[in-house]
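1. build me a model:
(one chain, ligands or ions: 1)
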Amino acid sequence: MMAVITIPREAVPYMLLQRLEVQELGAKIHYSILGKWVYKLYEKTPGAKHLYRIYSMKIEPMFRFKRIIEKYVGVMYREFQQIAPYLPDNANKIIGIGPGVGGLEAYMSRYYSTKGLSPEITLIDKSRIDDIYYGFHEEAAAYNSLDIARSVLIDNGHLGNKIICIEADDLHRFDVYGADLIRPEHRLAQTRQFETLRVLVNNPG
Ligand SMILES: C[S@@+](CC[C@H](N)C(=O)[O-])C[C@H]1O[C@@H](n2cnc3c(N)ncnc32)[C@H](O)[C@@H]1O
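-> Just a heads-up that it's a prediction; the model follows:
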């Protein structure tokens, strides 16, 4: 049976932007045969991003929040199951880059707590909502709240003093020494900011 993590309702508008598959309308259009063309039109139409933002942050969360949470938890659980066989037995320091509201980190926290461990978890993301766009761009769109990500971890039993939140915009240098596990958001892989981190990881000092 699926282990369930707790997600507060305030996280729902962010989850909708972070994981298209938990949406209803956006996902249906995106995954339809016309999705590619509709998306091109969306990128070019003035005001479309603003309207879509109101729809996905206000209207869907109002009517579908329970279903959205269920879907998000399911997505996170499946992703956790995929990485679980590769997790180190011991982890004292975990770094999540672009973790969103932190569902996967909550599963990792739970996994290590069953082994009697309480790793320090660092979350690096941006607490703001950009215009909503998908696909690869030079800069990834940001849509998150690190306060909510922190509360997701705490609601799932992680100790507050073992959570470090870092605004990516303030990040000029970051010491990854001693990290047991770095979990990057793969959609950031082609952005300039990610390149900076990769350089830091490869050439510390
Ligand atoms: C598509 S969402 C995915 C969130 C989460 N990894 C998941 O799988 O549910 C991408 C995340 O990356 C964050 N992000 C965008 N640019 C970033 C940057 N330069 N550094 C760190 N996080 C960033 C966004 O705010 C958002 O939380």
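
2. for the closest residue to residue 57 other than its chain neighbours, what are phi and psi?
-> Distances taken as CB to CB, 6 or more residues apart in numbering put residue 13 closest to residue 57, at 4.0 Å, once the chain neighbours are dropped. No exception for glycine: its C-beta is placed from N, CA and C like everyone else's. Per-residue torsions, residue 13: phi -60, psi -30 (degrees, to the nearest 10).

3. residue 13: neighbour count?
-> 23 (other CB atoms under 10 Å).

4. quick check: it touching residue 62?
-> No: counting by CB atoms under 8 Å, residue 13 does not reach residue 62; the two are 9.7 Å apart.

5. which neighbours do these two share?
-> Between them, residue 13 and residue 62 share no contacting residue under CB atoms under 8 Å, 6 or more residues apart in numbering.

6. related to what we said a few turns ago, give me the pLDDT value at the residue nearest to residue 57.
-> In this model, residue 13 is scored at 94, pLDDT.

7. how far away is it from the ligand?
-> 12 Å (CB to the nearest ligand atom, to the nearest Å).

8. contact partners for that residue?
-> 56-58, 61.

9. quick one: residue 128 and residue 146 touch, right?
-> No: in this structure, residue 128 is not within contact of residue 146 by CB under 8 Å, at 10.1 Å.

10. up against the ligand, what does the protein have?
-> Counting by CB under 6 Å from any ligand atom, the chain comes close to the ligand at 18-19, 97-100, 124-126, 140, 142-144, 168, 185, 187-188, 193.

11. looking at residue 128 and residue 146, which is more packed in?
-> Neighbours per residue (other CB under 10 Å) separate residue 128 from residue 146, with residue 146 holding more: 21 against 12.

12. which helix in this protein has the most residues?
-> Secondary structure assigned by DSSP state H gives helix 60-83 as the longest helix of the chain.

13. give the buried residues for that helix.
-> 60-61, 64-65, 68-69, 71-73, 75-77, 80 (16 or more other CB atoms under 10 Å).

14. next SSE downstream of it?
-> As assigned by DSSP states H and E, the chain's next helix or strand after helix 60-83 is strand 93-97.

15. for the chain, what spans make up the strands?
-> Under the criterion DSSP state E, strands of the chain are mapped to 93-97, 120-125, 163-167, 181-184.

16. avg pLDDT for stretch 88-101?
-> 91.

17. do me a favour and get the end-to-end distance for it?
-> 23 Å (CA to CA, to the nearest Å).

18. how about it: buried residues?
-> For stretch 88-101, by 16+ other CB under 10 Å, it's 91, 93-101.

19. stretch 115-134 too?
-> Buried-residue list, stretch 115-134, by 16+ other CB under 10 Å: 118-127, 129, 132.

20. okay if I get these as CSV plus pLDDT?
-> Converted to CSV, the buried residues of stretch 115-134 look like this (pLDDT from 0 to 100):
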residue, pLDDT
118, 95
119, 95
120, 95
121, 95
122, 93
123, 94
124, 92
125, 92
126, 92
127, 95
129, 88
132, 71
